[in-house]
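*Asks:* I need the structure of the sequence given here:
(4 chains)
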There are 2 protein chains.
Amino acid sequence: MPSHHPARSRRSTERKGDLRERAILDTCEALLAHKGYNAMTVGDIAQGAGITRGALYFYFGSKQEVVVALVARTVEQLWERSRTTAQTDEPRQAIAEAMQRTVELWNEHGLVMRTAIDLSLTVPEIGELWSHTADLFITAITAVLERAGIQAGTEPEQASAMARALCWMIERTFYHASQESRETLQEASATCEHLWLISAGLTT
Amino acid sequence: MPSHHPARSRRSTERKGDLRERAILDTCEALLAHKGYNAMTVGDIAQGAGITRGALYFYFGSKQEVVVALVARTVEQLWERSRTTAQTDEPRQAIAEAMQRTVELWNEHGLVMRTAIDLSLTVPEIGELWSHTADLFITAITAVLERAGIQAGTEPEQASAMARALCWMIERTFYHASQESRETLQEASATCEHLWLISAGLTT
DNA sequence: GTAAAAATCGACACCGTGTAGACTTTCTGG
DNA sequence: CCAGAAAGTCTACACGGTGTCGATTTTTAC
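*Replies:* Numbering: from 1, shown residues only, chains lettered A, B, ... in the order given. Here you go, the predicted structure:
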């Protein structure tokens, strides 16, 4: 089994299998888009990637593992991006920028993100990945709220709990809106931004 | 096939099948609780209800249909209850009462509600049922916001859109919290209530 | 150029689904 | 009360998807 390349980044020339592995994930993403998780069969993925089922099992142990890898690939991009994004001090601006970034995220990766959310329950690995991602957002929102003067702490009416609720609001709102259209998503974003601003007491 | 009893309420003595039908749904609910939807097999349900797979297919056409019926049964209770609940004019009180009712709802039916949410995508019938339920909530929240002075309308920063976002916030927050404990749910409720109050401009 | 490692294939066993047909139990009306 | 119909139940089967295995071919490394 390939996978798990922790430190061997540039060992020898790229294995042929690495190509296939990517082809499998790409196919999986495409199939997910117009068949959905349940309808998508291991045979479909293999066929799309140009190999047989038997060969696919050389790379991944199951359909679930394929999807876990796909989610991991996407989510790592998210982490990467959020790490390299400039942090603004001014809360109003920070909120606007965060929402803008989130819209882009969902425009680009909405499908995989929705899949991740849907499978969080049934596939523990994905649940892990997604809850870690959510934690990053919650931490960021908490920081903005505190900077805007909301009392720090974990009690129900303090920054931490509020940030969590706002995170879920954004997740769910974007989840639904991203199934519609870009315009819907943009409007949903405006609404969320507005509610975030109000919650932070920044409406004067 | 039984089911579809629109107006024949008290026709003859209760059919034996009605008993079985309820037994099937009860078993399904129980299995859902400690095996989850995917792990639960039609054979499991039949066994739990004291019949064979073949007999179960007399009542329901598939596992999905069983779960749809279970969700429908639960959701009808919700509708029933929300219809018979007193409406309060004073916004602050209306919000407090709504949140209290919602906590009770999730305490009693959390499992089925989470299942409904999870399957909304894959089972259109359930998606229908749940989105209708959400609409009831959104309408109610919208009314409260307007009464509290938020401008009516469907633009991103007006009552309707805000209500939708708040509804998703509550749904998702309760979804997660109800998996933990009653205390967590109660705290989550307090946070949501706080955010709802702030959004309605009722914090003076 | 060759031997080990990587990749691929086809066949198989297993399990869950849904259907069919025969059989039994329960109701209903004369 | 009893015969025919309706309701309920069962066993057996066919199908489709999953995951495994051993044999075989291709690629890579020295």
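*Asks:* tell me if stretch A:16-33 is near chain B.
*Replies:* No. Judged by CB under 8 Å from any CB of the partner chain, stretch A:16-33 makes no contact with chain B; its nearest approach is 11.7 Å. Every C-beta, even on glycine, is put in place using the N, C-alpha and C of the backbone.
*Asks:* show me what counts as buried in that stretch.
*Replies:* Going by neighbour count (16 or more other CB atoms under 10 Å in any protein chain shown), the buried part of stretch A:16-33 is A:20, A:21, A:23, A:24, A:25, A:27, A:28, A:29, A:31, A:32.
*Asks:* Three-state assignment for the second one, please.
*Replies:* Using DSSP: H, G, I helix; E, B strand; the rest coil, the three-state assignment for residue A:21 comes out as helix.
*Asks:* pretty sure it is touching residue A:58, no?
*Replies:* No. Between residue A:21 and residue A:58 there is no contact under CB atoms under 8 Å: 10.0 Å.
*Asks:* ok, longest helix in chain A?
*Replies:* Criterion DSSP state H: the longest helix present in chain A is helix A:91-119.
*Asks:* tell me which other helices or strands the helix or strand following it touches.
*Replies:* The element immediately downstream of helix A:91-119 (helix or strand, assigned by DSSP states H and E) is helix A:124-147. Secondary-structure packing of helix A:124-147 (3 or more CB pairs under 8 Å, 6 or more residues apart in numbering or on different chains; DSSP states H and E): helix A:63-83, helix A:91-119, helix A:159-180.
*Asks:* now do helix A:124-147 against helix A:63-83, angle only.
*Replies:* Relative orientation of helix A:124-147 versus helix A:63-83 (axes from the mean of the first three to the mean of the last three CA atoms, to 10 degrees): 20 degrees.
*Asks:* hmm, helix A:124-147 in reach of DNA strand D?
*Replies:* No. Helix A:124-147 lies apart from DNA strand D when judged by CB under 7 Å from any atom of the strand; the minimum separation is 13.6 Å.
*Asks:* buried set for that helix?
*Replies:* A:125-126, A:129-130, A:133-134, A:137-138, A:140-146.
*Asks:* list the contacts for residue A:72?
*Replies:* By CB atoms under 8 Å, 6 or more residues apart in numbering or on different chains, residue A:72 lies in contact with residue A:129.
*Asks:* report the separation between it and residue A:123.
*Replies:* In this view, residue A:72 and residue A:123 are 11 Å apart by CB to CB, to the nearest Å.
*Asks:* interface residues of chain A facing chain B?
*Replies:* For chain A, the contact set with chain B under CB under 8 Å from any CB comprises A:36-38, A:114, A:118, A:121-122, A:156-157, A:161-162, A:164-166, A:168-169, A:171-173, A:176, A:187-188, A:190-192, A:194-195, A:198-199.
*Asks:* buried ones only from these, please, as a ChimeraX command.
*Replies:* The following ChimeraX line selects those of the residues of chain A next to chain B that are buried, judged by 16+ other CB under 10 Å:
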select /A:37,114,118,121,156,157,161,162,164,165,166,168,169,171,172,173,176,187,188,190,191,192,194,195,198,199
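*Asks:* where do the domain boundaries of chain A fall?
*Replies:* Per automatic domain parsing, the structural domains of chain A span A:16-61, A:70-199.
*Asks:* out of these, which is closest to residue B:62?
*Replies:* Of all the domains of chain A, the one in closest proximity to residue B:62, counting by CB to CB, is domain A:16-61 (12.8 Å).
*Asks:* next up, phi/psi of residue A:89, please.
*Replies:* phi -80, psi -40 (degrees, to the nearest 10).
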